[in-house]
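Undergrad: take this sequence and fold it.
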Amino acid sequence: MDAITATAAASTIKTIHSFTPSSATHKIVVLPTIRPQTLSLYTANRSFHTQQFRSRSFTRCSTKPGIDSNNATNTSKSIGLESSSPAQHLTTSPPNQTLTSTWSTGLVFDLGQKTSWDSSEIGSPVVKRFIGDNEERWYMWYHGRSSDPNNSSDSIGLAVSSNGIHWARGAEHVMSCGEDEGLVMSCSDNWWAFDTKSIKPSEMVIMSSPMYSAVYWLYYTGYSSKKVDCSNYPVGQCSVDSFKSLPGLACSQDGRNWARIEGDYHSGALLDVGSKNEWDSLFIAKPQVVVHGGDDMRMYYHSFDAENGHFGIGMARSRDGIRWVKLGKIIGGGAKGSFDELGVKNACVVRNRKEGNYLMAYEGVSADGKMSIGLVVSPDGLKDWTRVQDWSVLSPSEEDGWDNRGVGSPSLVYMEGNVDMWRLYYVGVGEDGRTGIGMAISEGSNVRNFRRWAGFQS
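TA: Sure thing, here's the model as predicted:
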């Protein structure tokens, strides 16, 4: 694909950490690859080789969602991690019996253990499903923060599942614990970089070429220590986006060992904020990328429009995934009194192959600062975005729920096959700001209403 060539020609690659194959023998779960091999990236007439990663590739794997033989709407029993799964001994998400309580309905991924890297906060789920000949695997990149008072940075981690419900996770960095689930990417240690304070995942795109095995591109939000003026922010939102953020890109052959790709801007970011009077002059966050065609990549991001006093979602386009041209704001706040009156943010855009259009799930902010999830649709993914209804598709739960203070950061997965439905992964906020990752499912292909997952039905 041209994007790989362009990456090599236009960018400087920064290795996050080197990888030395261990002599120890243990089982590995890796993302599906076309041909495991060494990847060469060329820049400034120099060749950079990534390490030859350990691999067990799936046969004829596809990113296209396939049949989910065990989902929340049929009568099959719960699928746990298979006995042969290398993640069997790792910490897993709450067991099924816990999820039957009213408090935890919808919760599929809670905070990590007290000493883990993600014990204080989790969020920003990027969920992908892969189908092989004999099994399916779910991967979730997410951000986490530890309870260590000396470390307030957000890092990126990876969890793995066989059904998208029960997740295996790691409590440490994948390199320090020798496992393949856990923390996979930390903040930059370059003083001049845009991502020295925190990083959060936004989207994972598979790029492939006849010359190379599959390459995984992770678009992410990087935060620096520079404060932004949030005096006009909605109630409760100042702490969320109080530091300047910009979009970044990293690449990997296995989804765990990442190397940053520097953009054209001095900080290494892919885009910079707008000028003083532009709507995105404060920050750029959650760069979610959709590949429309071989040379048409689209980035959806949000910022705070200080002049109009609301969060908005804008768009940029690229031919190679690295150099981007802004197209301006495409969605702003809703009508007075609506669930998204004070803005929209954290977009997740997917192509609806069945209907031939584009869906965007987003986080709406109400006048009192409460977060809910809304949905808009567009015929081409560029313009004419229309709200599917005047109310949210998922709202905070009742007062005794784990996510009763707000829901946001949506990640949509279409379950194509015998059961025609969508899964909506999201971040829930509860009492004292405690966060977790939940899942809701649509009523068939109807995306106007989602209900929280409440366990497999028998």
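Undergrad: in stretch 319-331, what counts as buried?
TA: Arg319, Asp320, Gly321, Ile322, Arg323, Trp324, Lys326, Lys329, Ile330, Ile331 (16 or more other Cβ atoms under 10 Å). Where C-beta positions appear, they are placed from N, C-alpha and C, glycine not excepted.
Undergrad: closest one of the residues you listed to Arg405?
TA: Each of those was checked against Arg405 using Cβ to Cβ; the closest is Ile331, at 24.0 Å.
Undergrad: got the buried residues of stretch 319-331 as JSON lines, with distance to Trp167, pLDDT and secondary structure columns?
TA: Below are the buried residues of stretch 319-331 laid out as JSON lines (distance: Cβ to Cβ, whole Å; pLDDT from 0 to 100; DSSP: H, G, I helix; E, B strand; the rest coil):
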{"residue": "Arg319", "distance to Trp167": "36", "pLDDT": "93", "secondary structure": "coil"}
{"residue": "Asp320", "distance to Trp167": "33", "pLDDT": "91", "secondary structure": "coil"}
{"residue": "Gly321", "distance to Trp167": "28", "pLDDT": "93", "secondary structure": "coil"}
{"residue": "Ile322", "distance to Trp167": "32", "pLDDT": "93", "secondary structure": "coil"}
{"residue": "Arg323", "distance to Trp167": "36", "pLDDT": "95", "secondary structure": "coil"}
{"residue": "Trp324", "distance to Trp167": "32", "pLDDT": "97", "secondary structure": "coil"}
{"residue": "Lys326", "distance to Trp167": "36", "pLDDT": "97", "secondary structure": "strand"}
{"residue": "Lys329", "distance to Trp167": "35", "pLDDT": "97", "secondary structure": "strand"}
{"residue": "Ile330", "distance to Trp167": "33", "pLDDT": "97", "secondary structure": "strand"}
{"residue": "Ile331", "distance to Trp167": "31", "pLDDT": "96", "secondary structure": "strand"}
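Undergrad: and for the helix or strand encompassing Arg448, what's in contact with it?
TA: Per DSSP states H and E: Arg448 is located in strand 446-452. Taking contacts as Cβ atoms under 8 Å, 6 or more residues apart in numbering, the residues outside strand 446-452 that touch it are 105-106, 359, 373, 375, 388-389, 393-394, 397, 422, 424, 438-443.
Undergrad: what distance separates it from the centre of its chain?
TA: Taking the mean of its C-alpha atoms, strand 446-452 sits 20 Å from the chain's own mean (Cα atoms, centre = their mean, to the nearest Å).
Undergrad: could I get the buried residues of stretch 319-331 as a markdown table with distance to Val407?
TA: Listed next are the buried residues of stretch 319-331 as a markdown table, based on distance: Cβ to Cβ, whole Å:
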| residue | distance to Val407 |
| --- | --- |
| Arg319 | 35 |
| Asp320 | 35 |
| Gly321 | 30 |
| Ile322 | 33 |
| Arg323 | 35 |
| Trp324 | 29 |
| Lys326 | 29 |
| Lys329 | 24 |
| Ile330 | 22 |
| Ile331 | 18 |
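Undergrad: from the residues you listed, pick the one nearest Leu158.
TA: Gly321 (21.2 Å).
Undergrad: which element is Asp368 on?
TA: For Asp368, there is no enclosing helix or strand under DSSP H and E.
Undergrad: who's the nearest residue to Leu218 once chain neighbours are set aside bridged to?
TA: Distance criterion Cβ to Cβ, 6 or more residues apart in numbering; nearest residue to Leu218, sequence neighbours excluded, is Ala250 at 4.8 Å. With DSSP bridges as the criterion, the beta-bridge partners of Ala250 are Leu218, Arg260.
Undergrad: go ahead and confirm Ala250 touches Glu262.
TA: No. Using Cβ atoms under 8 Å, Ala250 is not in contact with Glu262, being 10.3 Å away.
Undergrad: mind checking which of those two has more residues around it?
TA: Ala250 (24 against 21; other Cβ atoms under 10 Å).
Undergrad: before we move on, back to that, and the contacts of strand 446-452, which of them are in strands?
TA: Within these, residues falling in strands by DSSP state E are Leu359, Ile373, Leu375, Trp422, Leu424, Gly438, Met439, Ala440, Ile441, Ser442, Glu443.
Undergrad: are any of those residues buried, and which?
TA: Burial by neighbour count, 16+ other Cβ under 10 Å: within the ones in strands among the contacts of strand 446-452 this picks out Leu359, Ile373, Leu375, Trp422, Leu424, Gly438, Met439, Ala440, Ile441, Ser442.
Undergrad: quick check, nearest of these to Ser161?
TA: Closest to Ser161 out of those is Met439 (10.8 Å), distances taken as Cβ to Cβ.
Undergrad: now for the closest one: which residues touch it?
TA: By Cβ under 8 Å, 6+ apart, the contact set of Met439 is Gly106, Val108, Gly164, Ile165, Arg423, Leu424, Tyr425, Tyr426, Arg452, Trp453.
Undergrad: now with 6 Å, please.
TA: Applying Cβ atoms under 6 Å, 6 or more residues apart in numbering to Met439 gives the contacts Val108, Arg423, Tyr425, Trp453.
Undergrad: got JSON lines for the ones in strands among the contacts of strand 446-452, with pLDDT and distance to Ala306 too?
TA: Listed next are these as JSON lines, based on pLDDT from 0 to 100; distance: Cβ to Cβ, whole Å:
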{"residue": "Leu359", "pLDDT": "95", "distance to Ala306": "29"}
{"residue": "Ile373", "pLDDT": "98", "distance to Ala306": "24"}
{"residue": "Leu375", "pLDDT": "97", "distance to Ala306": "26"}
{"residue": "Trp422", "pLDDT": "92", "distance to Ala306": "34"}
{"residue": "Leu424", "pLDDT": "97", "distance to Ala306": "30"}
{"residue": "Gly438", "pLDDT": "97", "distance to Ala306": "32"}
{"residue": "Met439", "pLDDT": "97", "distance to Ala306": "35"}
{"residue": "Ala440", "pLDDT": "96", "distance to Ala306": "33"}
{"residue": "Ile441", "pLDDT": "94", "distance to Ala306": "37"}
{"residue": "Ser442", "pLDDT": "91", "distance to Ala306": "36"}
{"residue": "Glu443", "pLDDT": "78", "distance to Ala306": "39"}
